[in-house]
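In: okay, sequence plus prediction incoming.
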Amino acid sequence: MSDTVITVVAIFLAAILMFIFPLMSTSERTDDITTQAVDAATTDFVDEIRSTGQITQDNYDNFVQILSSTGNSYNVEMEVQVLDDNPGKKVTEAEYTKVGENYYYSKYTTQILDEVNSEAGAMYLKQGDMVTVSVKNTNRTIGTILKDFVYRVTGNNTASITAQHSGIVSVNGK
């Protein structure tokens with residue numbers, strides 16, 4: 001009887017080692033490749049904004065299309081910190097300098113998309129504005145499901161694919 005129990009346990013362990021762990025390794029590798037693709041797309045999107053000084057509907061749609069081609073759903077969060085020059089100036093005979101500091105105010109995803117979808121068709125930025133784009137997946141990937149099953153890890157953190165990139169706009173958009 002004990003030989004039968006040991007045989008069943010050995011077959012069960014062999015099945016886990018032969019099927020579950022290779023599948024888990026492959027799905028984690030797929031998540032890593034997807035993370036690299038999302039990171040590259042996010043970097044390209046932000047660099048396009050930085051080099052042109054504008055966020056257009058076409059650029060945003062292309063970015064979202066590249067993200068959705070990975071087979072996952074994503075939450076895209078954008079923030080633009082607009083440089084607000086202090087208008088106070090001190091005037092001397094031939095030269096003036098600004099009094100005080102420059103301040104930034106932020107516009108977030110919904111405000112940006114409202115401006116992009118307006119009559120202007122784009123959000124125009126100026127030199128010195130800062131752009132930040134964060135991407136997180138909203139669905140559970142196969143790698144996450146298998147990892148949760150094998151390690152018995154549960155939680156609300158379903159974002160296994162994330163990317164973030166930011167930069168300072170180098171040209172005026174108009």
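Out: Looks like it arrived, so ask away.

In: check the secondary structure at residue 164 for me.
Out: strand (DSSP: H, G, I helix; E, B strand; the rest coil).

In: that one and residue 136 touch, don't they?
Out: No: here residue 164 does not reach residue 136: they are 9.0 Å apart, not a contact under CB atoms under 8 Å. Glycine gets a C-beta too; all of them are placed from N, C-alpha and C.

In: and those two? which has more neighbours close in?
Out: Neighbour count, other CB atoms under 10 Å: between residue 164 and residue 136, residue 136 has more, with 17 against 14.

In: for that one, give me the pLDDT.
Out: Looking at residue 136, its pLDDT is 94.

In: averaged pLDDT, the longest helix seen in the chain. What do you get?
Out: Under DSSP state H, the helix in the chain containing the largest number of residues is helix 21-52. When pLDDT is averaged along helix 21-52, the result is 92.

In: distance from that helix to the middle of the chain?
Out: In this view, helix 21-52 has its centroid 9 Å away from the chain centroid, taken as CA atoms, centre = their mean, to the nearest Å.

In: repeat that for stretch 20-33.
Out: The answer for stretch 20-33 is 21 Å, by CA atoms, centre = their mean.

In: in that stretch, what's buried?
Out: Buried positions in stretch 20-33, judged by neighbour count with 16 or more other CB atoms under 10 Å: 24, 27, 28, 31.

In: tell me what the longest helix of the chain is packed against?
Out: For helix 21-52, the packing partners by 3 or more CB pairs under 8 Å, 6 or more residues apart in numbering; DSSP states H and E come out as helix 57-68, strand 130-137, helix 142-151, strand 162-168.
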